[in-house]
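Novice: model this:
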Amino acid sequence: MISTKGRYALRVMLDLAQQDTDHFIPLEEIAARQGISKKYLEIILKTLVQNKLLKGLRGKGGGYKLTRSPKEYPVGEILELTEGSLATVACLQPDAEPCERTATCATLPMWKRFDQMVHDFFYNITLDDLLMENSDTAFDPYHK
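Specialist: Next comes the predicted model:
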């Protein structure tokens, strides 16, 4: 399940993608448009800035802006950054202890295929795709 942190991070990134990308957008404006508390938004923005998905500037005229064009941000990158691994079962988490049943687990190949489908789905959708989807242009991540 994707938490509010992951969903809000996507909303913030989309919000910034819709703005003038040459200017920093104040935290207060983003919070007001998205209906997210400033305190919670600061936590999300800090993660995005530390990982260079956003650039932040303090003080007068400060705020946040994208570091790349919207077409260069796969949704999967944003979700994995804010959620951690999107693995569906514990044994496929990057930091999982080796499972003693790996060699004999009849369901492991299924989980691996499912995880690959989830990964491919989210990494084949960009912020730009989501912006287009919300316009009059139809969007289908499997038929770009």
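Novice: Distance check, the residue of the chain positioned farthest from its centre against Asp120.
Specialist: What lies farthest from the middle of the chain is Thr104; by Cα atoms, centre = their mean that is 34.5 Å. Distance of Thr104 to Asp120, computed by Cβ to Cβ, to the nearest Å: 27 Å. For the C-beta atoms, the positions are set from N, CA and C on the backbone; glycine is no exception.
Novice: Can you tell me the SS state at the residue farthest from the centre of the chain?
Specialist: coil (DSSP: H, G, I helix; E, B strand; the rest coil).
Novice: Next one: it, what pLDDT does it get?
Specialist: Looking at Thr104, its pLDDT reads 93.
Novice: what do you get for Ala138?
Specialist: In this model, Ala138 carries a pLDDT of 49.
Novice: which residue is nearest the centroid of the chain?
Specialist: Taking Cα atoms, centre = their mean, the chain has its central residue at Ile78, 2.2 Å away.
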